[in-house]
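J.: here is a sequence with its predicted model. Questions after.
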Amino acid sequence: MDCCRRKSAGGREACSACKQVGRPVADVTIRAMLDPQFAAPLLSVERRFCRTPSCEVLYYGPDGRFARKQDARVRVGLKETEDPIPLCYCFGFSRADVEREIAQTRSCTIPDQIAAEIRAGRCACEIMNPSGACCLGEVRTSVREALRRAAAPVVRDPAA
């Protein structure tokens, strides 16, 4: 299975905490991300990844079962506000890596590096990424946002 291609969403169950619809995740993702006591209840139902950054729910089922972000074995970048904020779980890139490269070079090669690794067949997003999906879209979004921040004029406080 190619983890870096879009898959259809199937059913449309919403997270009971934030009421947003997440994307389905495979058993392999649940087993990789959660200790057995948190994974077992979710393996018997279809479950989804909650993408709402402020929601503490990480995975949820249609019957109210859920696992929280703190139940995960890794930091969930989408739900973190303090460094380190992971972006790419397969190759270890963080939001700080993106910002550092942009500060030094005014550009960022990280998406190209990840794309080359994907082409070489070295990604394992379904196992490494809590969302069970390819990180490249999130990485590109992070790069665009960091480039926009770097280009923004610095506003100085005249009273300072």
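T.: Yes, it's here.
J.: buried sites along the longest helix seen in the chain?
T.: Taking DSSP state H as the criterion, the chain has its longest helix at helix 136-151. Neighbour-count burial for helix 136-151, counted by 16 or more other Cβ atoms under 10 Å, picks out Leu136, Glu138, Val139, Arg140, Ser142, Val143, Ala146, Leu147. In short, each C-beta sits where N, CA and C put it, glycine included.
J.: please apply the same query to stretch 25-43.
T.: Neighbour-count burial for stretch 25-43 [16+ other Cβ under 10 Å]: Val25, Thr29, Ile30, Ala32, Met33, Leu34, Phe38, Ala39, Pro41, Leu42.
J.: what comes into contact with that stretch?
T.: Stretch 25-43 has contacts (Cβ atoms under 8 Å, 6 or more residues apart in numbering) with 47-49, 58-59, 61, 65-67, 71-74, 126-132.
J.: buried ones from those residues, can you make that a PyMOL selection?
T.: Filtering those down to the buried ones (16+ other Cβ under 10 Å) takes a single PyMOL command:
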select buried, resi 47+48+49+58+59+61+66+67+71+72+126+127+128+129+130+131+132
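J.: which of the contacts of stretch 25-43 fall in helices?
T.: Using DSSP H, the contacts of stretch 25-43 in helices are Glu126, Ile127, Met128.
J.: mind putting these in CSV, distance to Pro86 included?
T.: Listed next are those as CSV, based on distance: Cβ to Cβ, whole Å:
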residue, distance to Pro86
Glu126, 16
Ile127, 14
Met128, 10
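J.: between the residues you listed, which is nearest Asp112?
T.: Lowest distance from Asp112 to the ones in helices among the contacts of stretch 25-43 (Cβ to Cβ) belongs to Met128, with 19.4 Å.
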